[in-house]
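Participant: have a look at this prediction, sequence included:
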Amino acid sequence: MGSYRIFETETFQKYTARLATAALGRLTQKLQQQIYPRLRMEPHFGPNIKRLRNWQPPTWRYRIGSWRFFYEIDEQKQIVFMIAADHRSEAY
């Protein structure tokens, strides 16, 4: 597979900014060290990746513990748009 680029939308940045400061540090680290490298290589499949059913436009989620990160993929430009992040109790 190709190399995808990651783009954080303003909405995604707002979601991550409102997370608790203790969690924000850990989650930011996980985003940079685990999630983004995997999404750059293959955003469609993986142990923590799932495509959401009946969502338009097609949306995927990446699960890290109790947190969910939602994204859309532009196949033409090979860009992953991070669109939301939330605790699982609030995510769906």
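Facilitator: Yep, it's here.
Participant: max-length helix in this structure?
Facilitator: helix 21-30 (DSSP state H).
Participant: show me which residues of the helix or strand that that one is followed by are buried.
Facilitator: For helix 21-30, the following helix or strand on the C-terminal side (DSSP states H and E) is helix 36-41. Across helix 36-41, burial judged by 16 or more other Cβ atoms under 10 Å covers 36, 39-40. C-beta coordinates here come from the backbone N, C-alpha and C atoms, glycine included.
Participant: what sits against the residue minimising distance to the centre of the chain?
Facilitator: Compute the mean C-alpha point of the chain, and by Cα atoms, centre = their mean the closest residue is residue 69, 3.6 Å away. Residue 69 is in contact with 31, 35, 61-63, 82, 84-85, counting by Cβ atoms under 8 Å, 6 or more residues apart in numbering.
Participant: and the gap between residue 34 and residue 14?
Facilitator: 22 Å (Cβ to Cβ, to the nearest Å).
Participant: which stretches of this structure form helices?
Facilitator: 10-17, 21-30, 36-41, 88-91.
Participant: wait, isn't residue 12 in contact with residue 80?
Facilitator: No. With contact defined as Cβ atoms under 8 Å, residue 12 does not count as touching residue 80 (10.9 Å).
Participant: any common contacting residues for those two?
Facilitator: Joint contacts of residue 12 and residue 80 (Cβ under 8 Å, 6+ apart) do not exist.
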